[in-house]
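Participant: need the 3D shape of this:
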Amino acid sequence: MNILLTGAFGNIGRATIEALLLGGHRVRCFDLRTRANARTASRMRRTHRKHVTVIWGDLRRPVDLKQAVAGQDVVIHLAFIIPKMSATGVESEDRPDWAYEVNVGGTRNLIDAMKAMVRPPRLLFISSYHVYGPTQEQPPPRTIWDPVNPVEHYARHKVACEQMVRWSGLEWAIFRLAAALPLAIRLDPGMFDVPLENRMEFVHSRDVALAIAHGLQCEEAWGKILLIGGGPRCQYTFRQITSRILEATGVGMLPDEAFGSTAFATDWLDTAESQRLLAYQRRDLGDYVQDMKRTLGLKGSLIRLFRPWIRRHLLAQSPYYRQREGTEAPTIAPHPLAQAGMDLTPEVKMLLTETAKSLNGRARRLFMARAVQALGASGRQRAERELGWARKSILAGLRELEKTPQRGAANS
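Facilitator: As a prediction, the model looks like this:
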């Protein structure tokens with residue numbers, strides 16, 4: 001089949017491309033042209049030149065979508081501005097009007113472009129279990145019969161788009177996803193908004209991709225809303241998910257005081273029907289943790305080396321930890337390597353230089369500054385001489401580090 005995939009180079013999109021190609025489909029990728037997306041597209045085209053094409057465009061531009069949908073059998077609509085870690089750099093909750101233009105207006109434009117074709121393609125819309133709102137006071141699991149109660153702009157946009165899809169006159173299916181965490185070395189500050197005892201269902205992004213690929217071939221799936229989650233073995237509390245990931249990455253679990261207490265829009269799902277139709281549940285959180293370790297590679301050693309500073313940086317991003325009153329922040333001992341100076345073995349040099357290259361802007365300067373501190377009294381000179389770091393960047397990082405809130409890291 002000829003398949004158009006919007007939002008093709010995001011977390012779910014990349015996994016879906018691979019699953020679709022394994023199924024023998026031809027994939028047309030539609031996304032915004034950014035530096036990161038261009039790199040991903042280049043890799044895809046080198047590996048799958050005959051079966052992957054790319055159209056750069058914007059959902060808000062009908063002319064872009066008219067070109068994208070031409071000649072396609074199915075459209076998988078993933079592109080959406082999300083609440084945290086948006087690829088655009090702008091999050092739905094910070095600029096809801098702009099996000100509405102992209103999310104709801106863009107979906108309307110896509111549907112219009114599809115309906116204008118002589119033979120309109122089918123539409124698979126990817127939604128979220130956030131549409132149910134906070135449900136912790138209700139007995140789990142959530143089902144497709146439960147009423148929606150969106151509390152975020154993002155979730156409201158999903159509900160509006162679901163309604164448009166269902167009333168579009170197109171052949172459609174809607175998949176509401178559980179928590180499909182990205183395989184990326186980034187910790188989202190939004191995690192602090194989720195209470196540790198909140199129920200949360202995990203689903204591996206590769207299993208989501210498998211559900212999508214299988215859904216294209218399953219006639220019974222069309223015209224239905226299906227819940228896509230990892231199943232009973234992937235039903236956890238947020239504490240269980242967070243602790244396993246943080247421990248596996250070398251950061252270690254953060255104190256309870258860093259997390260909020262207001263119920264969050266995640267829960268467990270009844271996925272019996274989707275699993276019966278799509279047979280996609282093959283991985284669990286343990287597989288994700290192993291994937292994360294492989295993604296980290298040698299950088300895992302660097303995380304453990306700078307663990308106290310990383311924990312301090314993370315805790316500084318928690319509004320709940322910062323706003324604690326009546327208690328003192330736990331103190332943190334100086335890094336032991338700061339006393340004698342870090343031994344810059346070839347392995348350590350590679351870790352430091354490669355990690356610095358992978359960061360940008362302030363994050364890179366702060367990392368360099370912390371590394372310089374760990375190198376001891378002559379750290380700046382050693383970093384310039386042995387790592388090739390620019391003096392200007394190091395000094396800027398040290399100044400920024402002085403202004404960074406010096407919160408402690410409990411249990412570090």
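
Participant: the stretch 251-400 of the chain: helices as residue ranges?
Facilitator: Secondary structure of the stretch 251-400 of the chain, counting by DSSP state H, counting those that start in this stretch: helices at 272-278, 285-296, 299-305, 307-316, 319-322, 337-340, 346-358, 361-374, 379-382, 391-403.

Participant: can you give me the strands for the chain?
Facilitator: With DSSP state E as the definition, the chain shows strands at residue ranges 2-6, 26-31, 52-56, 74-77, 122-128, 172-177, 199-201, 225-228, 235-237.

Participant: any chance of those strands in TSV, plus mean neighbour count, mean pLDDT and distance to residue 270?
Facilitator: All C-beta atoms are positioned from the backbone trio N, CA, C, and that covers glycine. As requested, these are exported to TSV (neighbours: other C-beta atoms under 10 Å; pLDDT from 0 to 100; distance: least, C-beta to C-beta, whole Å):
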stretch	mean neighbour count	mean pLDDT	distance to residue 270
strand 2-6	24	98	27
strand 26-31	24	97	31
strand 52-56	18	95	35
strand 74-77	25	98	23
strand 122-128	24	98	16
strand 172-177	23	98	11
strand 199-201	23	98	10
strand 225-228	24	98	6
strand 235-237	19	98	11
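
Participant: got these as CSV, with distance to residue 378 columns?
Facilitator: Putting those into CSV (distance: least, C-beta to C-beta, whole Å) gives the following:
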stretch, distance to residue 378
strand 2-6, 52
strand 26-31, 47
strand 52-56, 48
strand 74-77, 55
strand 122-128, 52
strand 172-177, 51
strand 199-201, 47
strand 225-228, 55
strand 235-237, 47
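
Participant: between these, which gets nearest to residue 160?
Facilitator: Using C-beta to C-beta as the criterion, the shortest distance between residue 160 and the strands of the chain is 10.7 Å, found for strand 122-128.

Participant: CA atoms only: put the closest one into PDB for me.
Facilitator: Listed in PDB are the C-alpha atoms of strand 122-128, where the atom choice follows Å, rounded to 0.1, in the frame of the first residue of the first chain:
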ATOM      1  CA  ARG A 122      -8.600   5.700   4.800                       C
ATOM      2  CA  LEU A 123      -7.600   7.700   7.800                       C
ATOM      3  CA  LEU A 124      -6.000   6.200  11.000                       C
ATOM      4  CA  PHE A 125      -6.000   8.900  13.600                       C
ATOM      5  CA  ILE A 126      -3.600   8.500  16.600                       C
ATOM      6  CA  SER A 127      -5.200   9.900  19.800                       C
ATOM      7  CA  SER A 128      -4.300   9.500  23.500                       C
END
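
Participant: per the record, what domains does the protein have?
Facilitator: The record, using automatic domain parsing to delimit domains, assigns the chain the ranges 2-296, 300-403.

Participant: compare these and say which comes out lowest on pLDDT.
Facilitator: Looking at the domains of the chain, the lowest mean pLDDT belongs to domain 300-403 (a mean of 75).

Participant: chain center to that domain, what's the gap?
Facilitator: With C-alpha atoms, centre = their mean, to the nearest Å as the basis, the distance from the averaged C-alpha position of domain 300-403 to the chain average is 25 Å.

Participant: leaving out sequence neighbours, find the closest residue to the residue positioned nearest the centre of the chain.
Facilitator: Centre of the chain computed as the mean C-alpha position; nearest residue by C-alpha atoms, centre = their mean is residue 182, 4.0 Å away. Nearest non-adjacent residue to residue 182, counting by C-beta to C-beta, 6 or more residues apart in numbering: residue 11, 4.1 Å away.

Participant: could you measure from that neighbour over to residue 179?
Facilitator: Distance from residue 11 to residue 179, counting by C-beta to C-beta, to the nearest Å: 11 Å.

Participant: nearest to residue 220, of the helices of the stretch 251-400 of the chain?
Facilitator: The minimum distance between residue 220 and these falls on helix 272-278, with 5.6 Å, by C-beta to C-beta.

Participant: got the buried residues for the closest one?
Facilitator: Under the neighbour-count criterion of 16 or more other C-beta atoms under 10 Å, helix 272-278 has 273, 274, 275, 277, 278 buried.

Participant: does the first one touch residue 226 like I think?
Facilitator: Which is residue 273. Yes: between residue 273 and residue 226 there is a contact at 6.4 Å, judged by C-beta atoms under 8 Å.

Participant: ok, so of the buried residues of helix 272-278, who is nearest residue 134?
Facilitator: residue 274 (22.9 Å).

Participant: chain neighbours aside, what residue packs nearest to the closest one?
Facilitator: Of all residues not flanking residue 274 in the chain, residue 226 sits nearest, at 4.1 Å (C-beta to C-beta, 6+ apart).

Participant: so what's the one you found up against?
Facilitator: Counting by C-beta atoms under 8 Å, 6 or more residues apart in numbering, residue 226 makes contact with 144, 173, 174, 175, 176, 211, 215, 273, 274, 277, 278.
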